[in-house]
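Asks: could you look at this predicted model? Sequence included:
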Amino acid sequence: MEYAITPPARPWLPVRGSDAVFPVHRVYCVGRNYAAHTIEMGGDPDREEPFFFQKNPDNLVIKGGDFPYPPRSNDVHHEIEMVVALSKGGKDIPLEKAMDCVWGYGVALDMTRRDLQGECKKAGRPWEIGKAFEHSAPCTELVRASEIGHPSDGAIWLKVNGELRQQGDLNHMIWKVPEMISYLSGLFELMPGDLILSGTPSGVGPVKRGDVLQGHVEGVGDLHTRVT
């Protein structure tokens, strides 16, 4: 097959302890998956079903790269999240089979143009301009589940310039990893290479140029990036 133009390179993430890389297909994000953050954002953690939005695979920033402050926004927020990387997929995956799809884990930031997202919410429009902009997903290398197991509890936090901003525990997730995979597979056919950003604890807030962000998920890894 001959392409009419040269296709862009496929996005990928490095793998801890390996020269191999993990090819990324899609990036799904679950919204309001920690009770305190749901309340923080004006939601009801006891009633809302999970909802998902997407970032673009080429929004990923790897190897501790900088986060350039994006245009058309004056209110960009940090959201620290655990990444779930899939090696298998399918439709309508049973809950008891969901974890068979998980290849590994990582740590990412869901950077958000909060002012533009707010405008979209008020107008009933999609969130892409608030969520799926360039460099909006700084991410660590991935680590195999065969090495660390499947984290279901443990600290998740983010510091800005050494000051603790976000703090929670993986066991505070409203929808656990197998539930997210099973539910999401009823909406989309999941594929090998898909990533799921699993939600953020409370304490989200703005960043400015020059800020240094340090994120952590216990047993998974540490993320570092600088706002430029």
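Replies: Good, I have the coordinates.
Asks: give the other helices and strands that the top helix by length along the chain contacts.
Replies: Among the elements of the chain assigned as helix by DSSP state H, the one spanning the most residues is helix 114-123. Here helix 114-123 touches helix 128-131, going by 3 or more Cβ pairs under 8 Å, 6 or more residues apart in numbering; DSSP states H and E. Where you see a C-beta, it was placed from the backbone N, CA and C, and this is true even at glycine.
Asks: what does the helix it packs on rub up against?
Replies: Residues lying outside helix 128-131 but in contact with it, judged by Cβ atoms under 8 Å, 6 or more residues apart in numbering, are 29, 53, 55, 72, 110, 112-114, 116-118, 120.
Asks: stretch 10-28 too?
Replies: For stretch 10-28, the surrounding residues in contact (Cβ under 8 Å, 6+ apart) are 52-60, 62-63, 85, 103-104, 106, 137, 139, 141-144, 147, 184, 188, 191-197, 221.
Asks: and if you look at stretch 48-59?
Replies: Applying Cβ under 8 Å, 6+ apart, the set of residues contacting stretch 48-59 from outside is 8, 10-11, 24-33, 38, 110, 127, 131-137, 174-175, 179-180, 183-184, 187, 197.
Asks: and the average pLDDT for that stretch is what?
Replies: The predicted model assigns stretch 48-59 a mean pLDDT of 92.
Asks: for the most centrally placed residue in the chain, name its beta-bridge partners.
Replies: By Cα atoms, centre = their mean, the chain has its centre lying nearest to Leu197, at 2.9 Å. Partner residues in beta bridges with Leu197: Cys29, Val83, with DSSP bridges as the criterion.
Asks: show me the residues around it that make contact.
Replies: Residues in contact with Leu197 (Cβ under 8 Å, 6+ apart) are 27-30, 55, 81-84, 108, 110, 137.
Asks: can you name the two of those residues that are farthest apart?
Replies: Lys55 and Met82 (15.1 Å; Cβ to Cβ).
Asks: who has more neighbours, the two?
Replies: When Lys55 and Met82 are compared for neighbours, Met82 comes out ahead with 25 against 22, by other Cβ atoms under 10 Å.
Asks: hang on, the earlier thing: any of the contacts of stretch 10-28 buried? List them.
Replies: Buried by 16 or more other Cβ atoms under 10 Å: 53-60, 85, 103-104, 106, 137, 139, 141-144, 184, 193-197, 221, out of the contacts of stretch 10-28.
Asks: in helices, which of those residues fall?
Replies: Counting by DSSP H, the buried ones among the contacts of stretch 10-28 place Leu184 in helices.
Asks: ok, back up a step: okay, the contacts of Leu197 in CSV with distance to Lys159 next?
Replies: As requested, the contacts of Leu197 are exported to CSV (distance: Cβ to Cβ, whole Å):
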residue, distance to Lys159
Val27, 24
Tyr28, 26
Cys29, 22
Val30, 23
Lys55, 23
Glu81, 15
Met82, 16
Val83, 19
Val84, 23
Ala108, 16
Asp110, 17
Ala137, 19
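Asks: from the residues you listed, keep the buried residues only.
Replies: Buried members of these, counted by 16+ other Cβ under 10 Å: 27-30, 55, 81-84, 108, 110, 137.
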